[in-house]
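Asks: sequence-free structure coming up:
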C-alpha cells in the first residue's frame, strides 16, 4: 500500500444527480488528510465513505463556484459541534473568509477552534503547506472566476544504501548516515567504494495534482510536470468542444493532452457534466491520447504509486 | 388519498449521521409544493425521494441555524442552472436575504428568475400565502435565535347537499348553489325543507403545523389548535429535560403535551438528536401522553387526513 491515497467524495459538476455529487476529495499522506474542494453534502459523503476527520487540518478551495464550496460551512459547523479545538486552515479565494464569518455570525456561532484563512491571491509561487517531507502549492487555472489548482509533492529523499553492503561491511550508524548523504566509503583494507556504487537512487517521490475547473490551459503543464497522479476536469467530450470553450471547461481529450504534455504517470478524469450517465465515452476519448487515463469513481480510494509498483 | 401530504426529507438535528439528514420537508397540497426548512443536502434528498420541484414556488425557513438552511443556496443555484423562470418566494428571517445575495454575488450569478424574500419579523398575524382555498401563517416559537413555526389551513368550504335530495327533487344548478350557500328549500308542492335537513356539514378542513426548534412553549397552542397533523420537534427524551431546557429544545413528552393541549389529530415527532439511533423510546414517551404520536421517518410520505378517514 502506498503512503499517498486519494478518495473521491464527489466528481460531478454543477448540479447533483442521483449518481453524482459535487466536487470534493480527500488526499491522505501517511494518515494526514487534505480536503480538496467541499461541495454541498461533503460531510455526508465523508460519513458514507467512512472518512474520519481527526487528521484533517487543511482544506483547499479551488474557486468560488457553489459546487466547490457550499458544503464548507456545514463541515465547519459540525467540527464545532463535535468540540474540535485544533486549528483549521482554509486555503481559498479571499471572499470566502467574509462569507464564512457572515454565516457564523448570523447563527450566533463562536467557534471553539482557530479558523485561519490563507488567501490564494497572495500565494503565487509560495508554498501553502510545508511539511517535513512534502509540500503543497497552488497554481493558476483559467476559468470564469479566479481558480487555482493544487499540487502535492513529496520532497526528494536521500539515496538508499544497498542492504548487502551494510551487512558485509558491518557499517555503524554514522557511516550509514554519511553514505546516505552522499559520502564515498573506504574500508579497513583501504578499498575505495564510490557512493553511486554502494547506493540506489532514492524512492521516486510521490506527487498528486488537482485541476478542478479550467479551460484547456497549457501553462498548467509546468506546474504539474511528472506527477504520479493527475486529476483533471473533463466536463465534456470532444463533440462538445464549443460548449467547453464557451464555459471555460475542458474535454476529456484536452485533459489527456495536458497529461501527455506534463508526462504524468496516470490521469483521473472528473467534474463530469450530468449529461454523461455513461462515462466510458470520456474514458475512451482520453485513452486515445494518453493511454493511462481513467474516469474517477465516487467512493473509490486510489493508491498513488509510481508506475513500477502500480497494480491498478 | 388525501389532498394534503407531507414528505420528510430530513428529521435529524444539528449534525448529520449515517441514518439522518438535517431538517427539510415538503408539504404538497393538490400538487402545489411548499418546502419547510432546507438543511444541507436537501436537493440531494429531493432527488433520492423523487420529489420534482416544478410546483415549488414557496420556501419557508424557520430560523438561521445552519441545519435548517445550509441547503438553500445550493437549491437556488440548481433552479438557476435548470433555467427556472418563475418567481421563487422565501419566507425567512431578514438576515437570510443578505446572505443569499452575498453568496450569489461572489460566484457571479445573476439569477434568471425573481427571488423574493418575505421577512418573518414583519409578518406577525399576517397571512404568508393566501391561496384560493388555503392559507399559510407563521407564529413565534422560542429558541436560542428568533424562530418561527408555520401552519397551513384549508379554508372552510360550503355545506354539501345530500345526493339523494338532488336526484329526488331534480334540483337545477342555481338551486344547488343557493342551498350550498345556506338557503332552505320549498318544493313545488309547498313542502319546506330546512337547510340543515338537506345538507351535510362541509368536509372538515385539513391543516398542518410545523414546529421546528423550540423549547416547551405553551403560546404555540393557540396557533396550532386542532390541526390535522402536527410535526413538533422532540430533540431529546425526558431523561434529558435539563439539556432540552438549556438548549431551548423539547422532549418527546413535551411535544406530546403541546399536541394534547392543542387537541390536534395526530403528532409526528422530529429533529432527533444524533444520540438516538433507536427512536422507539421517544415514540413511547410521547404516546404515554398523547396516544396518536409517531416518530417521523425520513423518506416517508404521510397522507394528512381527518381521523375518520385516517387509515395509518
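Replies: That came through fine. Everything numeric in this text was worked out from a predicted model, so none of it was measured. Numbers count the residues shown, from 1 in each chain, chains lettered A, B, ... in the order given.

Asks: what about the strand or helix carrying residue A:152 and chain B, any contact?
Replies: Take DSSP states H and E as the rule and residue A:152 turns out to sit in strand A:148-154. No: under the criterion of C-beta under 8 Å from any C-beta of the partner chain, chain B is not reached by strand A:148-154; the shortest gap measures 15.3 Å. Placement of C-beta: from N, CA and C, glycine included.

Asks: give the contact list for the residue of the stretch 151-300 of chain A found nearest chain B.
Replies: Using C-beta to the nearest C-beta, the closest approach of the stretch 151-300 of chain A to chain B is made by residue A:274 at 9.3 Å. Counting by C-beta atoms under 8 Å, 6 or more residues apart in numbering or on different chains, residue A:274 touches A:12, A:13, A:14, A:15, A:17, A:20.

Asks: make it 7 Å
Replies: A:12, A:15, A:17, A:20 (C-beta atoms under 7 Å, 6 or more residues apart in numbering or on different chains).

Asks: For it, which three-state class applies?
Replies: Secondary structure state of residue A:274, per DSSP: H, G, I helix; E, B strand; the rest coil, is coil.

Asks: cool, residue A:33 as well?
Replies: Put simply, residue A:33 is strand when judged by three-state DSSP.

Asks: Phi, psi for the closest residue to it other than its chain neighbours please.
Replies: Computed as C-beta to C-beta, 6 or more residues apart in numbering or on different chains, the closest residue to residue A:33 that is not its neighbour in sequence is residue A:56, at 4.2 Å. The phi/psi pair for residue A:56 (degrees, to the nearest 10) reads phi -100, psi 110.

Asks: Would you mind listing what in the stretch 1-150 of chain A touches chain B?
Replies: A:14-18, A:40-41, A:43-44, A:47, A:64-66, A:70-71, A:73-74, A:77-78, A:81, A:95, A:99, A:102-103, A:106-108, A:145 (C-beta under 7 Å from any C-beta of the partner chain).

Asks: Now the two most distant members of the contacts of residue A:274.
Replies: Farthest apart among the contacts of residue A:274 by C-beta to C-beta are A:15 and A:20. That separation is 9.0 Å.

Asks: so how far is stretch A:193-203 off the chain centroid?
Replies: Offset of stretch A:193-203 from its chain centre (C-alpha atoms, centre = their mean, to the nearest Å): 31 Å.

Asks: Can you get me the start-to-end distance on it?
Replies: When the termini of stretch A:193-203 are compared using C-alpha to C-alpha, to the nearest Å, they are 22 Å apart.

Asks: Stretch A:254-271 now?
Replies: With C-alpha to C-alpha applied, stretch A:254-271 spans 14 Å between its terminal residues.

Asks: what comes into contact with that stretch?
Replies: Where contact means C-beta under 7 Å, 6+ apart, the residues beyond stretch A:254-271 that reach it are A:11, A:13, A:23, A:212-213, A:216, A:220-221, A:224-235, A:252, A:282-283, A:286, A:289-290, A:292-296, A:302, A:306-307.

Asks: show me where pLDDT drops low in chain A?
Replies: Applying pLDDT under 70 to chain A flags residues A:309-312.

Asks: where exactly do the helices run in it?
Replies: Per DSSP state H, chain A carries helices over the ranges A:42-48, A:72-81, A:95-106, A:163-169, A:173-180, A:195-198, A:220-224, A:241-246, A:252-261, A:280-287.

Asks: For the fourth one, what is the distance to the chain centroid?
Replies: Pointing back at helix A:163-169 there. 38 Å.

Asks: So for that helix, what gets flagged as buried?
Replies: Neighbour counts using 16 or more other C-beta atoms under 10 Å in any protein chain shown place A:165, A:169 of helix A:163-169 among the buried residues.

Asks: residues in contact with that helix?
Replies: Around helix A:163-169, the neighbours that count as contacts under C-beta under 7 Å, 6+ apart are A:176, A:187, A:198.

Asks: can we see that at 8 Å?
Replies: The contact list for helix A:163-169 (C-beta under 8 Å, 6+ apart) reads A:171, A:175, A:176, A:185, A:187, A:193, A:198.

Asks: Make JSON lines out of the residues you listed and add distance to chain B.
Replies: Converted to JSON lines, the contacts of helix A:163-169 look like this (distance: C-beta to the nearest C-beta, whole Å):
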{"residue": "A:171", "distance to chain B": "53"}
{"residue": "A:175", "distance to chain B": "54"}
{"residue": "A:176", "distance to chain B": "49"}
{"residue": "A:185", "distance to chain B": "57"}
{"residue": "A:187", "distance to chain B": "62"}
{"residue": "A:193", "distance to chain B": "59"}
{"residue": "A:198", "distance to chain B": "54"}
